[in-house]
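1. Fold the following for me, if possible:
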Amino acid sequence: MNSESTSLTEVFRLSRGLPLTTAVVVQDRCIDYCDKVIAEEWPAMKRGESSKAVTKEYASLSDAVVQFRPGTAGEAALQAALLNATHDIGQNRGLRIVASRSTWTRRLLPLILTCAIVVLTCSYLYAGRGSMLLHSVLVGLVAITLGTNIGVIFLMTRPFASEWTIQPEGFELDGKAMRQYRTVAPVTGTQDKSTSTR
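-> Numbers count the residues shown, from 1 in each chain. The predicted structure is shown next:
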């Protein structure tokens, strides 16, 4: 999840080298993307769904980068870096959505339970030759270990819907930073000329 927010921050940072009007558009799309992910997509992922609004914001961000027409070699290199970072946002978002819809635990649950029963049975038969107290302690420890492992597996495959759900902290922090630096206009050659003539 951090990879997605990091790539979004990279787009925002690189956009400061673009002409002012394009930079403002790209930065606004980055901020809107953060807001929509936090407000709409994160709650939707608890239900295994995604947000159409975030898809629309991503398309708008991608369009702003793709439709930019570089005027210099430096701007062309900047656009190439922006395209790579934008691609990474989409790819990491796809991985996040797939993770929220994972159902492999339910498919493997019968196998996991069967293995747990086999291990418990073997530990019961093996430890049954000692004292009753030692036998009970060993079987209990094996049962606790197996139960803990099954619980951890279950939680890890439901990262957005369990009590230990992953929070969108990266997007929250990045959104605040973007708003802070959004108010500072990027320095461009045209601005320098206009201020020098005054």
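
2. where do the helices sit along the chain?
-> 2-15, 20-36, 42-45, 52-66, 73-100, 104-127, 132-156, 169-182, 189-197 (DSSP state H).

3. where does this structure have its least confident helix or strand?
-> Here the helix or strand of the chain ranked lowest by mean pLDDT, DSSP states H and E is helix 189-197, holding a mean of 43.

4. Where among the helices of the chain is average confidence lowest?
-> The weakest mean pLDDT among the helices of the chain belongs to helix 189-197, with a mean of 43.

5. Can you name the residues that contact the nearest residue to residue 75 once chain neighbours are set aside?
-> Distances taken as Cβ to Cβ, 6 or more residues apart in numbering place residue 18 nearest to residue 75, at 7.1 Å, with adjacent residues excluded. Just so you know, the C-beta spots here come from the backbone N, C-alpha and C atoms, and that holds for glycine as well. Neighbour list for residue 18: 26, 68, 75, 78, 186 [criterion: Cβ atoms under 8 Å, 6 or more residues apart in numbering].

6. Now with 7 Å, please.
-> 26, 68, 78 (Cβ atoms under 7 Å, 6 or more residues apart in numbering).

7. Give me the phi and psi angles of it.
-> phi -80, psi 170 (degrees, to the nearest 10).

8. Tell me, what's the model's pLDDT at it?
-> The model reports residue 18 with a pLDDT of 92.

9. From residue 56, how far off is it?
-> Distance, residue 18 to residue 56, by Cβ to Cβ, to the nearest Å: 22 Å.
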